[in-house]
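Undergrad: Provided below for reference: sequence and predicted model.
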Amino acid sequence: MSQQGKPQTAITPTRADNYQDWYQEVIKAADLAENSDVRGCMVIKPWGYALWENIQRVLDGMFKETGHVNAYFPLFIPVSFLEKEAAHVEGFAKECAVVTHHRLELRDGKLVPTGELEEPLVVRPTSETIIGASFAKWVQSYRDLPLLINQWANVVRWEMRTRLFLRTAEFLWQEGHTAHATQQQAVDETMKMLGVYAEFAENYMAMPVIQGEKTAGERFPGAVSTYCIEAMMQDRKALQAGTSHFLGQNFAKASGIQFTDENNQLSHAWTTSWGVSTRLVGGMIMSHADDDGMICPPRLAPQHAVILPVAQKPEDRARVLEYCRALQKELKAQWFAGAPVRVELDDRDLGGGVKSWQWIKKGVPLRLEIGPRDIDKDSIFMGRRDKGPKEKTSIARGELVSTIATLLQSIQDGLYQRALAFRTEHTREINTKDDFYAFFADPPKKKPNDPTPIHAGFALAHFNGDPALEAKIKDDLKVTVRCIPLDAKLGGGPGTCPFTGEPSKQRVVWAKSY
RNA sequence: CGGGGCGUAGCGCAGCCUGGUAGCGCACUUGGUUCGGGACCAAGGAGUCGCAGGUUCAAAUCCUGUCGCCCCGACCA
């Protein structure tokens, strides 16, 4: 305890003191990413990129398992393509990077663009239109359907305000694009992929999510309906962690994706698109990290365990290192969640405490400290990242090796349960307008420049579905409908809209959001 | 794009109001002590004070402009 009576933490400020700054400090302390020299763009550093690679690896497997194949489409989209779908234009036109020239010339020591393009190219903000153009060529007959394609790519959206992982001008994502012969098949695909995202979020990221449909105001530009998974972050704001869109025939009509059906009738295909991005890394940070830094959910952790040799006397060093290497080899031969256990041996010549804290901040699930005394007992001094930094226990080597998968899974489960309990604690059914406004009232700021204080959480309230009402509430409170939950337990059946007294089909999730 | 804050050593900051030639903590290097831990002592290295102009004998400090970052708004995955 410090003089102020607060426990010393590796991250300052703490979540309670200043959530926004805390978030940035965690990213810095865990060495996940940094701002680049290019405004709004981030450099994803190896530890952060490894998280993304694990996300990619698992999701890619799930996509393949559900019959999808990967392909790659151009980064550049002719402006005329984007113009094809009216709502789409409106949604993305304001945030596009546009390529207008194809050459640079040296004039007075400065490189200036020359060679203007006949038609400007947009750096893809999303790929519906360019992929649609390909689909139009690939689809002739109902026998060509369904077409189930995914692409891993970068996209650019020229954002006003950026935040590492959560909103950057360029980001990495995957976008699935599918075409189907019938509306029902496309709707089924939309829901199936929403389910895949929810399963991934909960089982791999240990991040509980609410599956639901977006209201008209929050819908993807050009979609008939948009579904999403929404998670609660530790500041009780909602994070849209993944989206799945039923596009109807809108894009098929815009791109001319037509096929001849069994009855020799020409019709437009029904399409879907769905995506998750590097935003998920931000979601993991804000779901699990604490005042000592990152906490990686074991299933996606770049390393499951780190071995920290404790050999302070030079004469012990060789013996300790040898023991550590043998243990590393033995642990790597174990399996966890369908892959070999990932173990790093950190034999850098650094002070023991400093080294240990680096790994705490990076969020590695297990720290294994091994010194001469442990070797004599054939045991390991183990720290779990989901417990306090000082809360370390001794475990027999054999037991560690045989139970490491169980240990990692128990950390994984613990993180999920903790996040779920947090969400439950801060989710409330609300039945009157007054209660609703009171629930979301901002605590007073101490200084004008203070970050927005942490607000109440999720409200489950009835809603008559009027977009104007939703806009008014957004205006008043900065609160929006995050989704119309699919889960009947959350929806709770018909009721009365507390704002209008009109009938409401079910409760919806209201919250402030990222 | 509007309002506010901040750019000083690798990192975190003080100094600025009241101009006088740059300092603290951590990190780094070396030597010693310590040895189940974010150690201690000593010595040392490291900064065109974001950038560009201006005022002045003299600018980190005052003035103007500019760039970047952060927070709050508008917009968004």
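TA: Sure, I can see it. Model, not experiment: these values are computed from the prediction.
Undergrad: just the strands in the stretch 1-150 of chain A please.
TA: Using DSSP state E, counting those that start in this stretch, the strands assigned to the stretch 1-150 of chain A run over residues A:33-35, A:42-44, A:69-70, A:76-78, A:98-107, A:110-123, A:147-156.
Undergrad: Minimum distance to RNA strand B: which of the ones you listed has it?
TA: Of all those, it is strand A:33-35 that lies closest to RNA strand B, at 5.0 Å by CB to the nearest atom of the strand. In this view, the C-beta of every residue, glycine as well, is placed from N, C-alpha and C.
Undergrad: could you give the mean pLDDT of that closest one?
TA: Strand A:33-35 shows a mean pLDDT of 86.
Undergrad: what do you get for stretch A:226-242?
TA: Confidence for stretch A:226-242, expressed as mean pLDDT, is 94.
Undergrad: Buried by neighbour count: which residues of stretch A:386-397 qualify?
TA: Under the neighbour-count criterion of 16 or more other CB atoms under 10 Å, stretch A:386-397 has A:386, A:389, A:392, A:395, A:397 buried.
Undergrad: what's the first-to-last distance across it?
TA: End-to-end distance for stretch A:386-397: 21 Å, by CA to CA, to the nearest Å.
Undergrad: hang on, the earlier thing: just give me the closest of the buried residues of stretch A:386-397 to residue A:157.
TA: Using CB to CB, residue A:386 comes nearest to residue A:157 of the buried residues of stretch A:386-397, at 35.0 Å.
Undergrad: Confirm that the closest one sits in a strand.
TA: No - looking at residue A:386 with DSSP: H, G, I helix; E, B strand; the rest coil, it is coil, so not inside a strand.
Undergrad: need the contact list for it.
TA: Applying CB atoms under 8 Å, 6 or more residues apart in numbering to residue A:386 gives the contacts A:295, A:365, A:411, A:414-415, A:418.
Undergrad: so where's the stretch 401-514 of chain A uncertain?
TA: A:443-453 (pLDDT under 70).
Undergrad: Pull the most distant pair out of the contacts of residue A:386.
TA: Checking the contacts of residue A:386 with CB to CB, the most distant pair is A:365 and A:418, at 13.9 Å.
Undergrad: Looking at those two, which is more packed in?
TA: Using other CB atoms under 10 Å, the more surrounded residue of residue A:365 and residue A:418 is residue A:365, with 27 against 17.
Undergrad: Quick check: chain neighbours aside, which residue is closest to the more buried one?
TA: residue A:298 (4.6 Å; CB to CB, 6 or more residues apart in numbering).
Undergrad: per-residue pLDDT, the one you found?
TA: For residue A:298, pLDDT reads 98.
Undergrad: Backbone dihedrals for it, please?
TA: Main-chain dihedrals, residue A:298, degrees, to the nearest 10: phi -50, psi -40.
Undergrad: Sketch out the helices for the stretch 251-400 of chain A, chain order is fine.
TA: For the stretch 251-400 of chain A, applying DSSP state H, counting those that start in this stretch gives helices covering A:279-288, A:314-332, A:352-362, A:372-377, A:397-425.
Undergrad: I'd like those laid out as CSV, including distance to residue A:34.
TA: Shown next, in CSV, are the helices of the stretch 251-400 of chain A (distance: least, CB to CB, whole Å):
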stretch, distance to residue A:34
helix A:279-288, 13
helix A:314-332, 30
helix A:352-362, 15
helix A:372-377, 37
helix A:397-425, 25
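Undergrad: Out of those, indicate the one that is most buried.
TA: helix A:279-288 (a mean of 25; mean count of other CB atoms under 10 Å).
Undergrad: what about that helix and RNA strand B, touching?
TA: Yes - counting by CB under 7 Å from any atom of the strand, contacts between helix A:279-288 and RNA strand B involve residue A:279.
Undergrad: Distance to residue A:158 for the buried residues of stretch A:386-397 - can I get that in TSV?
TA: Output for the buried residues of stretch A:386-397, formatted as TSV (distance: CB to CB, whole Å):
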residue	distance to residue A:158
A:386	39
A:389	42
A:392	48
A:395	52
A:397	55
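Undergrad: Dump the helix or strand containing residue A:194 to CSV, keeping only the CA atoms.
TA: Residue A:194 belongs to helix A:183-203 when assigned by DSSP states H and E. Only the C-alpha atoms of helix A:183-203 are listed here, as CSV (Å, rounded to 0.1, in the frame of the first residue of the first chain):
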residue,chain,number,x,y,z
GLN,A,183,-34.2,-15.3,-49.4
GLN,A,184,-34.5,-17.9,-46.7
GLN,A,185,-31.0,-19.3,-47.5
ALA,A,186,-29.5,-15.8,-47.2
VAL,A,187,-31.3,-15.1,-44.0
ASP,A,188,-30.1,-18.5,-42.6
GLU,A,189,-26.6,-17.7,-43.6
THR,A,190,-26.8,-14.3,-41.9
MET,A,191,-27.9,-15.9,-38.7
LYS,A,192,-25.5,-18.7,-38.9
MET,A,193,-22.5,-16.4,-39.1
LEU,A,194,-23.9,-14.2,-36.3
GLY,A,195,-23.9,-17.4,-34.3
VAL,A,196,-20.3,-18.2,-35.3
TYR,A,197,-19.3,-14.7,-34.1
ALA,A,198,-21.1,-15.2,-30.8
GLU,A,199,-19.5,-18.5,-30.2
PHE,A,200,-16.1,-17.1,-31.0
ALA,A,201,-16.5,-14.1,-28.7
GLU,A,202,-17.7,-16.2,-25.8
ASN,A,203,-15.6,-19.3,-26.1
